[in-house]
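*Asks:* Sequence and predicted structure below; questions after.
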Amino acid sequence: MKVSKAQAQANRARVVETAATLFRERGYDGVGVADLMAAAGFTHGGFYKHFRSKADLMAESAACSIAQTAALSAGADISDFVKAYLSRAHRDTRASGCTMAALGADAARQPEAVRATFAAGIESLLAALSTASNSPDPADAGETRARYLDTLAHAVGAIVMSRACPDDSPLADEILAICRDRILASLNASATEHPPVQDRGSTDGQHP
(Lines give C-alpha, C1' and ligand atoms only; values in the text may rest on other atoms or scores of the structure.)
Protein backbone atom coordinates (compact mmCIF):
# COMPACT_ATOMS: atom_id res chain seq x y z
CA MET A 1 0.00 0.00 0.00
CA LYS A 2 1.39 3.36 -1.00
CA VAL A 3 2.01 5.74 1.88
CA SER A 4 0.65 9.27 1.51
CA LYS A 5 3.02 12.23 1.56
CA ALA A 6 1.57 13.38 4.87
CA GLN A 7 2.02 9.93 6.41
CA ALA A 8 5.58 9.70 5.09
CA GLN A 9 6.38 13.04 6.73
CA ALA A 10 4.81 11.86 9.99
CA ASN A 11 6.83 8.63 9.85
CA ARG A 12 10.04 10.59 9.26
CA ALA A 13 9.29 12.89 12.18
CA ARG A 14 8.69 9.85 14.40
CA VAL A 15 12.07 8.39 13.46
CA VAL A 16 13.78 11.74 14.14
CA GLU A 17 12.12 12.08 17.55
CA THR A 18 12.97 8.49 18.46
CA ALA A 19 16.57 9.01 17.37
CA ALA A 20 16.85 12.23 19.37
CA THR A 21 15.85 10.33 22.51
CA LEU A 22 17.93 7.19 21.94
CA PHE A 23 21.07 9.03 20.83
CA ARG A 24 21.00 11.20 23.97
CA GLU A 25 20.44 8.14 26.13
CA ARG A 26 22.98 5.76 24.56
CA GLY A 27 25.30 7.88 22.43
CA TYR A 28 25.71 7.79 18.66
CA ASP A 29 27.69 4.55 18.67
CA GLY A 30 25.31 2.89 21.11
CA VAL A 31 22.34 2.81 18.73
CA GLY A 32 22.25 0.92 15.46
CA VAL A 33 19.91 1.73 12.60
CA ALA A 34 17.98 -1.53 13.02
CA ASP A 35 17.38 -0.96 16.75
CA LEU A 36 16.42 2.65 16.14
CA MET A 37 13.88 1.80 13.46
CA ALA A 38 12.43 -0.97 15.60
CA ALA A 39 12.01 1.46 18.50
CA ALA A 40 10.17 3.84 16.15
CA GLY A 41 7.93 0.98 15.00
CA PHE A 42 9.35 0.50 11.50
CA THR A 43 11.46 -2.01 9.63
CA HIS A 44 15.17 -1.58 9.03
CA GLY A 45 14.63 -1.38 5.28
CA GLY A 46 12.48 1.71 5.60
CA PHE A 47 15.36 3.80 6.93
CA TYR A 48 16.84 4.64 3.55
CA LYS A 49 13.53 5.88 2.24
CA HIS A 50 13.98 8.83 4.57
CA PHE A 51 17.72 9.28 5.13
CA ARG A 52 20.87 8.83 3.08
CA SER A 53 22.92 7.74 6.08
CA LYS A 54 22.95 7.45 9.84
CA ALA A 55 25.02 10.65 9.93
CA ASP A 56 22.18 12.52 8.22
CA LEU A 57 19.78 11.33 10.90
CA MET A 58 22.26 12.23 13.63
CA ALA A 59 22.44 15.79 12.33
CA GLU A 60 18.68 16.17 11.87
CA SER A 61 17.80 14.70 15.25
CA ALA A 62 20.37 16.93 16.97
CA ALA A 63 18.93 20.00 15.25
CA CYS A 64 15.45 18.96 16.37
CA SER A 65 16.31 18.41 20.03
CA ILE A 66 18.54 21.50 20.29
CA ALA A 67 15.72 23.60 18.81
CA GLN A 68 13.42 22.32 21.54
CA THR A 69 15.90 23.35 24.23
CA ALA A 70 16.34 26.78 22.62
CA ALA A 71 12.57 27.28 22.49
CA LEU A 72 12.25 26.45 26.18
CA SER A 73 15.14 28.80 27.00
CA ALA A 74 13.99 31.77 24.94
CA GLY A 75 13.57 34.82 27.13
CA ALA A 76 14.37 32.92 30.31
CA ASP A 77 16.21 34.70 33.07
CA ILE A 78 19.80 33.46 32.85
CA SER A 79 19.92 32.68 36.58
CA ASP A 80 16.75 30.59 36.35
CA PHE A 81 18.22 28.78 33.35
CA VAL A 82 21.36 27.92 35.33
CA LYS A 83 19.39 26.66 38.33
CA ALA A 84 17.27 24.37 36.16
CA TYR A 85 20.16 23.22 33.99
CA LEU A 86 22.50 22.40 36.88
CA SER A 87 19.94 20.37 38.77
CA ARG A 88 19.89 16.69 39.64
CA ALA A 89 16.62 16.39 37.71
CA HIS A 90 18.35 17.45 34.48
CA ARG A 91 21.41 15.38 35.23
CA ASP A 92 19.29 12.24 35.66
CA THR A 93 17.16 12.68 32.53
CA ARG A 94 19.79 12.24 29.86
CA ALA A 95 17.34 11.01 27.20
CA SER A 96 15.24 14.17 27.34
CA GLY A 97 17.85 16.67 28.52
CA CYS A 98 20.19 19.03 26.71
CA THR A 99 21.73 17.54 23.58
CA MET A 100 24.92 19.55 24.05
CA ALA A 101 25.66 17.84 27.34
CA ALA A 102 24.52 14.40 26.22
CA LEU A 103 26.24 14.26 22.83
CA GLY A 104 28.78 17.08 22.62
CA ALA A 105 31.75 14.75 23.11
CA ASP A 106 30.34 12.27 20.60
CA ALA A 107 29.74 15.03 18.06
CA ALA A 108 33.41 15.99 18.11
CA ARG A 109 34.22 12.66 16.44
CA GLN A 110 31.45 12.79 13.83
CA PRO A 111 31.34 14.07 10.23
CA GLU A 112 31.43 17.80 9.59
CA ALA A 113 27.67 17.97 8.95
CA VAL A 114 26.99 16.78 12.49
CA ARG A 115 29.53 19.18 14.00
CA ALA A 116 28.08 22.03 11.95
CA THR A 117 24.67 21.23 13.43
CA PHE A 118 26.08 21.50 16.93
CA ALA A 119 27.79 24.81 16.09
CA ALA A 120 24.48 26.16 14.80
CA GLY A 121 22.81 24.80 17.92
CA ILE A 122 25.19 26.67 20.20
CA GLU A 123 24.37 29.87 18.33
CA SER A 124 20.64 29.22 18.65
CA LEU A 125 20.93 28.62 22.40
CA LEU A 126 22.94 31.82 22.83
CA ALA A 127 20.36 33.74 20.81
CA ALA A 128 17.52 32.26 22.86
CA LEU A 129 19.15 33.20 26.16
CA SER A 130 20.09 36.66 24.87
CA THR A 131 16.48 37.56 24.08
CA ALA A 132 16.11 38.53 27.73
CA SER A 133 18.69 41.30 27.16
CA ASN A 134 17.29 44.27 25.23
CA SER A 135 20.25 46.64 25.24
CA PRO A 136 20.74 48.41 21.88
CA ASP A 137 24.41 49.08 22.68
CA PRO A 138 26.62 46.81 20.48
CA ALA A 139 29.35 46.79 23.13
CA ASP A 140 26.87 45.63 25.75
CA ALA A 141 25.53 43.00 23.34
CA GLY A 142 29.07 41.68 22.88
CA GLU A 143 29.57 41.48 26.63
CA THR A 144 26.23 39.70 27.02
CA ARG A 145 27.17 37.14 24.39
CA ALA A 146 30.54 36.51 26.05
CA ARG A 147 28.89 36.12 29.45
CA TYR A 148 26.27 33.71 28.16
CA LEU A 149 28.78 31.68 26.16
CA ASP A 150 30.94 31.32 29.26
CA THR A 151 27.88 30.34 31.29
CA LEU A 152 26.69 27.78 28.76
CA ALA A 153 30.12 26.17 28.40
CA HIS A 154 30.53 26.02 32.18
CA ALA A 155 27.07 24.52 32.67
CA VAL A 156 27.45 21.90 29.93
CA GLY A 157 30.84 20.86 31.28
CA ALA A 158 29.44 20.53 34.79
CA ILE A 159 26.66 18.20 33.62
CA VAL A 160 29.16 16.09 31.64
CA MET A 161 31.44 15.73 34.67
CA SER A 162 28.56 14.99 37.03
CA ARG A 163 27.19 12.29 34.74
CA ALA A 164 30.64 10.72 34.50
CA CYS A 165 30.43 9.90 38.21
CA PRO A 166 28.40 7.01 39.66
CA ASP A 167 24.74 7.93 40.06
CA ASP A 168 24.84 8.03 43.86
CA SER A 169 28.30 9.54 44.13
CA PRO A 170 28.53 12.55 46.48
CA LEU A 171 30.94 14.06 43.96
CA ALA A 172 28.23 14.10 41.28
CA ASP A 173 26.09 16.36 43.45
CA GLU A 174 29.08 18.39 44.61
CA ILE A 175 30.03 19.25 41.03
CA LEU A 176 26.53 20.52 40.29
CA ALA A 177 26.27 22.51 43.52
CA ILE A 178 29.66 24.19 43.28
CA CYS A 179 29.39 25.04 39.59
CA ARG A 180 25.84 26.32 40.02
CA ASP A 181 26.84 28.55 42.92
CA ARG A 182 29.97 29.85 41.17
CA ILE A 183 28.11 30.65 37.94
CA LEU A 184 25.31 32.43 39.78
CA ALA A 185 27.79 34.45 41.82
CA SER A 186 29.60 35.44 38.63
CA LEU A 187 26.35 36.46 36.95
CA ASN A 188 25.32 38.54 39.98
CA ALA A 189 28.70 40.26 40.05
CA SER A 190 28.49 41.00 36.33
CA ALA A 191 24.98 42.40 36.70
CA THR A 192 26.24 44.75 39.40
CA GLU A 193 29.16 45.91 37.27
CA HIS A 194 27.10 46.21 34.09
CA PRO A 195 23.51 47.12 35.04
CA PRO A 196 20.91 47.03 32.23
CA VAL A 197 20.65 50.17 30.16
CA GLN A 198 17.63 52.13 31.31
CA ASP A 199 14.92 52.67 28.73
CA ARG A 200 15.15 56.22 27.40
CA GLY A 201 11.41 56.59 27.80
CA SER A 202 11.56 56.13 31.56
CA THR A 203 13.14 58.08 34.39
CA ASP A 204 14.04 57.27 37.99
CA GLY A 205 13.18 53.63 37.39
CA GLN A 206 9.58 54.45 36.50
CA HIS A 207 8.02 53.18 33.29
CA PRO A 208 6.04 55.60 31.13
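*Replies:* Perfect, I can see it now. All figures in this text were calculated on a predicted structure; none of them were measured in a lab.
*Asks:* count of residues packed around L184?
*Replies:* As a burial measure, L184 scores 16 neighbours (other Cβ atoms under 10 Å). C-betas here are computed from N, CA, C, even on glycine.
*Asks:* now S169
*Replies:* Neighbours of S169 (other Cβ under 10 Å): 12.
*Asks:* Output the below-cut-off pLDDT ranges for this protein.
*Replies:* Across the chain, residues meeting the criterion (pLDDT under 70) sit at 1-2, 132-139, 193-208.
*Asks:* Which parts of it are helices?
*Replies:* Ranges of helices in the chain, per DSSP state H, are 5-26, 33-40, 54-73, 78-85, 88-91, 99-107, 112-130, 138-164, 170-193.
*Asks:* relative to helix 112-130, how tilted is the longest one?
*Replies:* Right, the one you point to is helix 138-164. In terms of direction (axes from the mean of the first three to the mean of the last three Cα atoms, to 10 degrees), helix 138-164 departs from helix 112-130 by 120 degrees.
*Asks:* now do the fourth one
*Replies:* Counting by the same axes, to 10 degrees, helix 78-85 points 130 degrees away from the direction of helix 112-130.
*Asks:* so what's C179 closest to, chain neighbours aside?
*Replies:* Computed as Cβ to Cβ, 6 or more residues apart in numbering, the closest residue to C179 that is not its neighbour in sequence is A158, at 3.8 Å.
*Asks:* From L103, how far out is that neighbour?
*Replies:* Here A158 is placed at a distance of 16 Å from L103 (Cβ to Cβ, to the nearest Å).
*Asks:* Contacts only, for the closest residue to A113 other than its chain neighbours.
*Replies:* Among residues not flanking A113 along the chain, A59 sits closest, at 4.9 Å (Cβ to Cβ, 6+ apart). Residues near A59 by Cβ atoms under 8 Å, 6 or more residues apart in numbering: 113-114, 116-117.
*Asks:* Let's see that with 7 Å instead.
*Replies:* The contact partners of A59, taken as Cβ atoms under 7 Å, 6 or more residues apart in numbering, are 113-114, 117.
*Asks:* Report the distance from stretch 4-11 to the chain centre.
*Replies:* In terms of Cα atoms, centre = their mean, to the nearest Å, the centre of stretch 4-11 is set 27 Å apart from its chain centre.
*Asks:* hang on, I meant stretch 57-66
*Replies:* 11 Å.
*Asks:* Adjust the sequence numbering to begin at 26 for everything that follows.
*Replies:* Okay, residue one is now 26; in that scheme the one you just asked about reads as stretch 82-91.
*Asks:* May I see the contacts of A84 organised as CSV, with distance to A109 and neighbour count added?
*Replies:* Formatted as CSV, these follow (distance: Cβ to Cβ, whole Å; neighbours: other Cβ atoms under 10 Å):
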residue, distance to A109, neighbour count
A138, 30, 13
V139, 26, 24
T142, 24, 21
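*Asks:* from these, which single one is nearest G55?
*Replies:* Nearest to G55, judged by Cβ to Cβ, of these is V139 at 15.4 Å.
*Asks:* if I read this right, the closest one contacts M83, doesn't it?
*Replies:* Yes. At 5.1 Å, V139 and M83 qualify as touching, with contact defined as Cβ atoms under 7 Å.
*Asks:* Tell me, how many residues neighbour G57?
*Replies:* Counted with other Cβ under 10 Å, residues neighbouring G57 total 13.
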